[in-house]
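>>> Turn this into a model:
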Amino acid sequence: MTPIEKVEGRAIPFGLKNVDTDVIIPAHWLKTVSREGMGQGAFESLRADPDNLFDSAEFKGAPILIAGDNFGCGSSREHAAWALGDLGIRVVIAPSYSDIFSGNAVKNGILPVVLPQAAIDRLMEVAKTDPVHVDLDTQTVTTPFQDRFTFEIDPFRKMCLLGGLDEISLTEKSGAAISAYEAKIAQTQPWLQPATVES
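Purely as a prediction, here's the structure:
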């Protein structure tokens, strides 16, 4: 997982409320177990409109998405986070998220920033013409116009995103402790060890 510390660039002024995971990635894209190529299906129904924001020259490849309240509601499909990541989104800024989507986003290297609606409204306005800067270390979102919004984030999630650590990486960091524990159990409780088959 790629670490996140600072993300700066154009932000897609999406703003829709109650965008569910079926809008983010339709069900017929769920047949794959690969994250690669999922961005092609992201917001497929909305991108059918040739004037959509996601494919416009101005916002194509933008690393930040500004969304409305209750983003990522609906089913718990992790593919929604995969699709956003493959689309190039590193940060989503919204007033609120589905808990499951928020967790899936972090596990897939996407920072879900929560800001009040007034801040969202201001960022939507700025995003039409100028870049937005997100700093996870200082937990701030800023604009070229001296706007500065602070956000809260769970310290464990912050550590994971800054370090680029997913669940596998976190487990691997404890490799020495796991090996030491297994060796101790092998000595103190040998009956728990798998039986060896003699040939």
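>>> residue boundaries of the strands in the protein?
Using DSSP state E, the strands of the chain run over 6-9, 11-13, 64-66, 91-94, 111-114, 132-135, 140-142, 148-150.
>>> where's Thr143 relative to Leu46, distance?
Counting by CB to CB, to the nearest Å, the separation of Thr143 from Leu46 is 25 Å. (Glycine included, C-beta is placed from N, CA and C.)
>>> scratch that, Ala177
Taken as CB to CB, the span from Ala177 to Leu46 is 47 Å.
>>> And those two? Which one has more around it.
More crowded of Ala177 and Leu46, by other CB atoms under 10 Å: Leu46, with 16 against 9.
>>> Relative to Val106, how far out is Arg148?
Applying CB to CB, the value for Arg148 to Val106 is 23 Å.
>>> The two: who's more crowded?
Neighbours per residue (other CB under 10 Å) separate Arg148 from Val106, with Val106 holding more: 22 against 12.
>>> Do you know the pLDDT at the closest residue to that one other than its chain neighbours?
In this structure, Val106 finds its nearest non-sequential neighbour in Arg157, 4.9 Å apart by CB to CB, 6 or more residues apart in numbering. Note on Arg157: pLDDT of 96.
>>> wait, isn't Arg157 in contact with Asn104?
No. The criterion here is CB atoms under 8 Å, and Arg157 misses it with Asn104 at 11.8 Å.
>>> between those two, which one's more packed in?
Using other CB under 10 Å as the criterion, Arg157 and Asn104 rank with Asn104 on top: 23 against 17.
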